[in-house]
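1. this is a predicted model, with the sequence first.
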Amino acid sequence: MKKKIAVVTGGAGFLGSHLCDRLLADGCRVIAADNLITGSLRNIAHLRKNKNFEFIKKDVCRPWTITGKVDYVLHFASPASPVDYLRHPLATLKVGSQGTEHCLKLAQLKKARFLVASTSEIYGDPLEHPQKESYWGHVNSIGPRSVYDEAKRFAEALTMAYHRSYDVNTAIVRIFNTYGPRMQVNDGRVVPNFIDQALHNQPLTIYGDGQQTRSFCYYSDLIDGIVRLLYSNLHQPVNIGNPKEFTILEFANMVLKFSGAHSKLVYRDLPVDDPKQRCPDITLAKKHLQWQPKVSLQQGLQETLAWFKANCCDEK
Ligand code: UDP
């Protein structure tokens, strides 16, 4: 049987590169496209000699195409951490809007299944808890985070419009906080920040009072949920994330416990529009994809700590 061909934008990023690994393991040929503004060639260095893998340096905000057949288009290109999207506000808006449209056009042309990486951020600072896919969200359209939230909301709207108007075979995954190996040490998110601080015996920076909650999904669980959605025929958005919720303070104490660090906790201002709580309702994924996360935060955190120790400790 001929190999399926998958195009992964953002293929040199944290999640994009893990997705490339998984699709290759599933027997696909993978073409990864990335402009490397937040992605890194280090994430795909192990794939360079794989004959089923190809990397193209490309800004997907400009029109582009691929010669030959394409079965899957997975649009994962975007700055994704609050620090990164505040550093690249216009690039974030463009890749969510123009970038998404070019990827949709590619999927339309090739009659490929299209899957866009959306986010729990589309729920904003949610008034419904946990968040179901049917919740419309509570988003500040002009705040600093809006460049990401609104770009992803637009990406979802555009995806549904291509599905309804042109019958493109589309899927939307709403990704909740995810962590694991290959996160950038300096991307500013809570997991790499706390781990890096703990490994250097520096104080852990708690924003606000630390009572805000997040639920952390290990990358391997998330990737499994995404490919199940890719191989399904669902078109509606699906939450993929871990429904076990922790306060940021509880998470800081877990990082201290598993790293053995004696760092103090220091308190800093809460970023503007920082959501107070976030937790996915994963009923849809359980029912339609037979998916639920398997890796506990204890286990995933220990694996992530080991990876950061081996890969990032000498970067300072
Ligand atoms: N946070 C924190 N200290 C840090 C980094 C983040 O207390 O050094 C908090 C942040 O304010 C937010 C939560 O941790 O409430 C998760 O932040 P992150 O940037 O990882 O992602 P978000 O879920 O906000 O997109």
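-> Everything's here; your move.
2. when you work out contacts or count neighbours from here on, use the C-alpha atoms and nothing else.
-> Will do.
3. helices along the protein, start to end?
-> Secondary structure of the chain (DSSP state H): helices located at 14-25, 82-87, 89-94, 100-110, 146-166, 190-199, 219-230, 248-259, 283-289, 297-311.
4. now render these as JSON lines, adding distance to residue 39 and mean neighbour count.
-> Formatted as JSON lines, the helices of the chain follow (distance: least, Cα to Cα, whole Å; neighbours: other Cα atoms under 10 Å):
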{"stretch": "helix 14-25", "distance to residue 39": "7", "mean neighbour count": "22"}
{"stretch": "helix 82-87", "distance to residue 39": "11", "mean neighbour count": "17"}
{"stretch": "helix 89-94", "distance to residue 39": "13", "mean neighbour count": "20"}
{"stretch": "helix 100-110", "distance to residue 39": "17", "mean neighbour count": "22"}
{"stretch": "helix 146-166", "distance to residue 39": "17", "mean neighbour count": "20"}
{"stretch": "helix 190-199", "distance to residue 39": "15", "mean neighbour count": "22"}
{"stretch": "helix 219-230", "distance to residue 39": "16", "mean neighbour count": "21"}
{"stretch": "helix 248-259", "distance to residue 39": "25", "mean neighbour count": "18"}
{"stretch": "helix 283-289", "distance to residue 39": "28", "mean neighbour count": "16"}
{"stretch": "helix 297-311", "distance to residue 39": "16", "mean neighbour count": "17"}
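5. to the ligand, which of the ones you listed lies closest?
-> Nearest of those to the ligand, taken as Cα to the nearest ligand atom: helix 190-199 at 3.6 Å.
6. how about the closest one and the ligand, touching?
-> Yes: applying Cα under 6 Å from any ligand atom, one finds helix 190-199 touching the ligand at 190, 193.
7. list the helices and strands that helix packs on?
-> Applying 3 or more Cα pairs under 8 Å, 6 or more residues apart in numbering; DSSP states H and E, one finds that helix 190-199 contacts strand 204-207, helix 248-259, helix 297-311.
8. output these as TSV; include the columns mean pLDDT and distance to residue 3.
-> Shown next, in TSV, are the helices and strands packed on helix 190-199 (pLDDT from 0 to 100; distance: least, Cα to Cα, whole Å):
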stretch	mean pLDDT	distance to residue 3
strand 204-207	98	47
helix 248-259	98	42
helix 297-311	97	32
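9. dump the helices of the chain to a markdown table, plus distance to residue 61.
-> Conversion of the helices of the chain to a markdown table gives the following (distance: least, Cα to Cα, whole Å):
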| stretch | distance to residue 61 |
| --- | --- |
| helix 14-25 | 17 |
| helix 82-87 | 16 |
| helix 89-94 | 6 |
| helix 100-110 | 7 |
| helix 146-166 | 13 |
| helix 190-199 | 28 |
| helix 219-230 | 23 |
| helix 248-259 | 35 |
| helix 283-289 | 30 |
| helix 297-311 | 32 |
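10. for residue 273, which of these is the nearest?
-> helix 146-166 (9.3 Å; Cα to Cα).
11. could you export the helices and strands packed on helix 190-199 as a markdown table, including distance to residue 156?
-> Below are these laid out as a markdown table (distance: least, Cα to Cα, whole Å):
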| stretch | distance to residue 156 |
| --- | --- |
| strand 204-207 | 30 |
| helix 248-259 | 29 |
| helix 297-311 | 29 |
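12. out of the ones you listed, nearest to residue 102?
-> helix 297-311 (34.3 Å).
13. now residue 83. Nearest residue, chain neighbours left out?
-> residue 188 (5.5 Å; Cα to Cα, 6 or more residues apart in numbering).
14. for the one you found, give me its contacts.
-> The neighbours of residue 188, taking Cα atoms under 8 Å, 6 or more residues apart in numbering as the test, are 81-84.
15. ok, and of those residues, which contact the ligand?
-> 81-82.
16. as JSON lines, the contacts of residue 188 with distance to residue 17 and pLDDT would be great.
-> Below are the contacts of residue 188 laid out as JSON lines (distance: Cα to Cα, whole Å; pLDDT from 0 to 100):
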{"residue": "81", "distance to residue 17": "16", "pLDDT": "95"}
{"residue": "82", "distance to residue 17": "20", "pLDDT": "93"}
{"residue": "83", "distance to residue 17": "20", "pLDDT": "94"}
{"residue": "84", "distance to residue 17": "18", "pLDDT": "95"}
